[in-house]
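Asks: here is a sequence together with a model predicted from it:
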Amino acid sequence: MAERTRDIEVVPYDAEWKEQFNNIKEMITGYIGDFILKIEHVGSTSIEGLAAKPIIDIDVVIESYSVLPEIIDRLAKEGFEHQGSLGVEGREAFQRTFDDGYMKYHLYVCPKDGKGYLEHIALRDYLRANEAARNDYQSLKLQLAQVYRYDIDKYVHAKTKFITDILHKTIYRH
């Protein structure tokens, strides 16, 4: 099971997050680069200027699930435990089984047309391009981190409407 956040702390944006992502990306590419299309920095740490929980979210993009068994095998040899979808369609989660010296990160393997990946990119790109929405999201996250400091489920649930509204403006618009 993915490591659960015990104490929710939203901190100011840190330019170091980009460097940490690039270092982790290089490591992952060394393990499975021949099976993947690209590696994307997603989540709040990927949005310059946005306060975030200091956890890097990484989507490893694959052509299709046909390469997943080999990726699971290779990542297992490098100390990653496959956790399944964790209830999110279109992504497979992996957790490092030991401290590798990088800051905390979540690693997901996603097909290029997977819902989880497409939603991550849509949200990231929208917030990068819309300062007002980014500021509103930051305010919401800071407020929720205080109210639900020790309850990650309620924190995540309380952000859902904001995120869903953005997804309806982007990939789910009709």
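Replies: Arrived safely, thanks for sending.

Asks: how near is the residue nearest the centre of the chain to D34?
Replies: Geometric centre of the chain, nearest residue: D57, 2.7 Å, by CA atoms, centre = their mean. Separation of D57 from D34 (CB to CB, to the nearest Å) stands at 23 Å. The way it works is simple: take the backbone N, C-alpha and C, and place the C-beta from them, glycine included.

Asks: swap in D73?
Replies: Distance, D73 to D34, using CB to CB: 13 Å.

Asks: one more: E9?
Replies: According to CB to CB, E9 and D34 sit 37 Å apart.

Asks: neighbours of G49, how many?
Replies: 12 (other CB atoms under 10 Å).

Asks: what's around the residue lying closest to it once chain neighbours are set aside, how many residues?
Replies: Of all residues not flanking G49 in the chain, Y13 sits nearest, at 5.2 Å (CB to CB, 6 or more residues apart in numbering). By the criterion of other CB under 10 Å, Y13 has 16 neighbours.

Asks: same thing with the one 5 residues further on?
Replies: K18 has 15 neighbours, counted by other CB under 10 Å.

Asks: still on that earlier bit, tell me the contacts of the residue nearest to G49?
Replies: When contacts are counted by CB atoms under 8 Å, 6 or more residues apart in numbering, Y13 touches 45, 47-52.

Asks: can you tell me the SS state at it?
Replies: What DSSP: H, G, I helix; E, B strand; the rest coil gives for Y13 is coil.

Asks: could you number the chain from 44 rather than 1 from now on?
Replies: Got it, the first residue is 44 from now on, which makes the last one we talked about Y56.

Asks: and the pLDDT at it?
Replies: Confidence at Y56, expressed as pLDDT, is 97.

Asks: relative to L166, which of the contacts of Y56 is nearest.
Replies: Sorting the contacts of Y56 by how near they are to L166, with CB to CB, puts I90 at the top with 9.0 Å.

Asks: count the neighbours of the closest residue to L166 other than its chain neighbours for me.
Replies: Nearest residue to L166 in three dimensions, chain neighbours excluded: I209, at 5.7 Å (CB to CB, 6+ apart). By the criterion of other CB under 10 Å, I209 has 19 neighbours.

Asks: check the gap between I209 and A136 for me.
Replies: 22 Å.

Asks: I90 now?
Replies: 21 Å.

Asks: compare the two (neighbour count), which wins?
Replies: More crowded of I90 and A136, by other CB under 10 Å: I90, with 23 against 20.

Asks: and R171, which of the three is it?
Replies: Three-state call for R171 (three-state DSSP): helix.
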